[in-house]
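> sequence first, predicted model second:
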Amino acid sequence: MPAPKCNFPSYRHHKPTALAVVTIDGRDIYLGPYKSAESRERYDRTIAEWLSAGRRLPPRRKEKTVISIAELVRDFMLYAKSQYLKHGKETSTVSQFQNALKPMLALYGRTPACEFSPRCLKAVREHMIHESKKAGHPLYRKTVNDRCWRIKHVFSWAVAEELMGPEVYQTLKPVKGIRKGRRRDVLESKRVPAVSPKDVEKTLPFLSEQIAAMVNLQLITGMRPGEVTIMRMVDIDREGEAWVYRPEVYKTEHLVEDEDEERVVMLGPKAQEIVRRFFQMSPTDYLFSPKAAEDVRHKRQRLERKSKVQPSQRNRRKPNRTRPPGECYNVASYRRAIHRACKKAKAKRWSPNQLRHTCATLLRKKYGLDAARAVLGHSSVVVTQVYAEIDQAIAAKIMNEVG
């Protein structure tokens, strides 16, 4: 069996100078006298630094060269696109950094990074607030604070990569975020409320069978929208009385270090009855298929059609659709389907993430906060309190008795 090929840049002899050399990203790095202990040590160090940086070398700079804000942002975004990945795809963190850094590039792109000061950061903050209002999409206070934090994080990363000294980052750290109620030109985000079960019941008749099943599953189990849309038979353990669903992808998987702490959703009898109706021939197929929902809709439209359909047209399909139905719903398409149903039902508009809040509130009311935490899969009760609203009826009853 042939030996596996080495993917590392090779240690070579540069005959004209009698030095050892390694070529990385088209750059020749001379290591010292060929076959010397010094050159071997420097080669190992160079390869280790190259691997730790995601198989890329830091930009070549002279000691006295000053890096600009534009260069700093360029280098950081290259790092972000290789770092913030989930299952080979970029996460939303990359676009969040891009949105945060655009105002800084617009104002200080050519400014040396070492001259960026707290006054500059405040100017960037005011610019992003003003431009968002001008565009008709004013930012929320938490969004402004988050973007300022991301700008600080870029300078922190630059210090760790030895692209600049720590002075600028240390001066930016004391700049505090905007506090609640202190500014009138920024919006305050509202807490996501639980959706009323009555509004859900009013909307269900206007949903497809697949979407209605996902809604009911969320109400029972408290799953996130992204977890219910990707359910497959292969991810469900049906051995015990209560089935165990382990999502292939979930929100906090990058924070889990122990396999025993993975996301687990328990499916009781009601949930099992819902899921069983959508079992597929292939265990790796998604249970809730947009294509199946579309086929049912087309059949219903043909039955309701007043004029007769020619036999040759009954099974006709568009040969090259620009937007064919996907293998499964995503969170956005799931949300749009619910919003359309709310409009048809003339019900109060609600989103799938509110179903998780509703489930948490009902569980907390009936079984307590610890039970709600266990079902929702939170590591802390503090997080569960965000989802589980306090039952004001109980508080009112107690206060009436107390006086």
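Looks like it came in fine.
> break the chain into its domains for me.
With domains defined by automatic domain parsing, the chain comprises 12-52, 69-172, 197-304+327-387.
> can I get those domains in CSV with distance to Glu188 and mean pLDDT?
Heads up, the C-betas are built off the backbone N, CA and C, glycines and all. Compiled in CSV, these are given as follows (distance: least, C-beta to C-beta, whole Å; pLDDT from 0 to 100):
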stretch, distance to Glu188, mean pLDDT
domain 12-52, 42, 84
domain 69-172, 6, 92
domain 197-304+327-387, 16, 82
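> ok, which of the ones you listed comes nearest Arg184?
Taking C-beta to C-beta as the criterion, Arg184 comes closest to domain 69-172 out of these, the separation being 10.8 Å.
> chain center to the closest one, what's the gap?
With C-alpha atoms, centre = their mean, to the nearest Å as the basis, domain 69-172 stands 18 Å off its chain's centre.
> ok, back up a step: in JSON lines: the domains of the chain, plus mean neighbour count and distance to Val186.
Converted to JSON lines, the domains of the chain look like this (neighbours: other C-beta atoms under 10 Å; distance: least, C-beta to C-beta, whole Å):
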{"stretch": "domain 12-52", "mean neighbour count": "14", "distance to Val186": "39"}
{"stretch": "domain 69-172", "mean neighbour count": "16", "distance to Val186": "4"}
{"stretch": "domain 197-304+327-387", "mean neighbour count": "16", "distance to Val186": "21"}
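> now the ones you listed in CSV, with distance to Arg184?
Putting the domains of the chain into CSV (distance: least, C-beta to C-beta, whole Å) gives the following:
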stretch, distance to Arg184
domain 12-52, 47
domain 69-172, 11
domain 197-304+327-387, 26
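> what about the closest residue to Leu204 other than its chain neighbours, which helix or strand?
On the basis of C-beta to C-beta, 6 or more residues apart in numbering, the spatially nearest residue to Leu204 that is not a chain neighbour turns out to be Ala212, at 5.2 Å. The secondary structure element spanning Ala212 is helix 209-221 (assigned by DSSP states H and E).
> and the next helix or strand past that helix?
Downstream of helix 209-221, the first helix or strand assigned by DSSP H and E is helix 225-228.
> can you pull out the strands in the stretch 1-150 of the chain?
With DSSP state E, counting those that start in this stretch as the definition, the stretch 1-150 of the chain shows strands at residue ranges 12-14, 19-24, 27-33, 85-86, 89-90.
> sorry, wrong one. I was asking about the stretch 151-300 of the chain.
Listed from the start of the chain, the stretch 151-300 of the chain has strands (DSSP E, counting those that start in this stretch) covering 236-237, 243-245, 265-267.
> would you list the ones you listed in CSV and tack on distance to Glu115?
As requested, those are exported to CSV (distance: least, C-beta to C-beta, whole Å):
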stretch, distance to Glu115
strand 236-237, 57
strand 243-245, 54
strand 265-267, 52
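> need the residues that contact the lengthiest helix in the chain.
Ranked by residue count under DSSP state H, the longest helix found in the chain is helix 141-160. Contacts of helix 141-160 with the rest of the structure, by C-beta atoms under 8 Å, 6 or more residues apart in numbering, involve 67, 72-73, 75-76, 79, 96-97, 99-101, 103-104, 113, 116, 121, 124-125, 128-129, 164-166, 168-169, 172-173, 175, 177-178, 180, 183, 186-189.
> and if you look at stretch 43-59?
By C-beta under 8 Å, 6+ apart, the residues outside stretch 43-59 that reach it are 8-9, 11, 20, 22, 24-25, 27, 29, 31, 71, 75, 78-79, 82-83, 161-163.
> same deal with stretch 227-246?
Outside stretch 227-246, the residues touching it (C-beta under 8 Å, 6+ apart) are 214, 217-218, 221, 247-250, 262-268, 271-272, 275, 279-280, 283-288, 328-331, 334.
> all helices for the stretch 201-350 of the chain, in order.
With DSSP state H, counting those that start in this stretch as the criterion, the stretch 201-350 of the chain has helices at 209-221, 225-228, 269-276, 290-304, 331-345.
> and those helices as a markdown table, adding distance to Ser92?
What follows is those, written out as a markdown table (distance: least, C-beta to C-beta, whole Å):
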| stretch | distance to Ser92 |
| --- | --- |
| helix 209-221 | 21 |
| helix 225-228 | 12 |
| helix 269-276 | 29 |
| helix 290-304 | 22 |
| helix 331-345 | 11 |
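> which one of those helices lies nearest to Lys133?
For Lys133, the closest of these is helix 331-345, at 26.0 Å, according to C-beta to C-beta.
> does anything pack onto the closest one? Which helices or strands?
Using 3 or more C-beta pairs under 8 Å, 6 or more residues apart in numbering; DSSP states H and E as the contact criterion, the elements in contact with helix 331-345 are helix 197-203, helix 209-221, helix 225-228.
> and those helices as TSV, adding distance to Asp235?
Putting the helices and strands packed on helix 331-345 into TSV (distance: least, C-beta to C-beta, whole Å) gives the following:
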stretch	distance to Asp235
helix 197-203	25
helix 209-221	14
helix 225-228	10
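> for the ones you listed, which one sits closest to Glu41?
Ranking those by distance to Glu41, with C-beta to C-beta as the measure, places helix 225-228 first at 47.7 Å.
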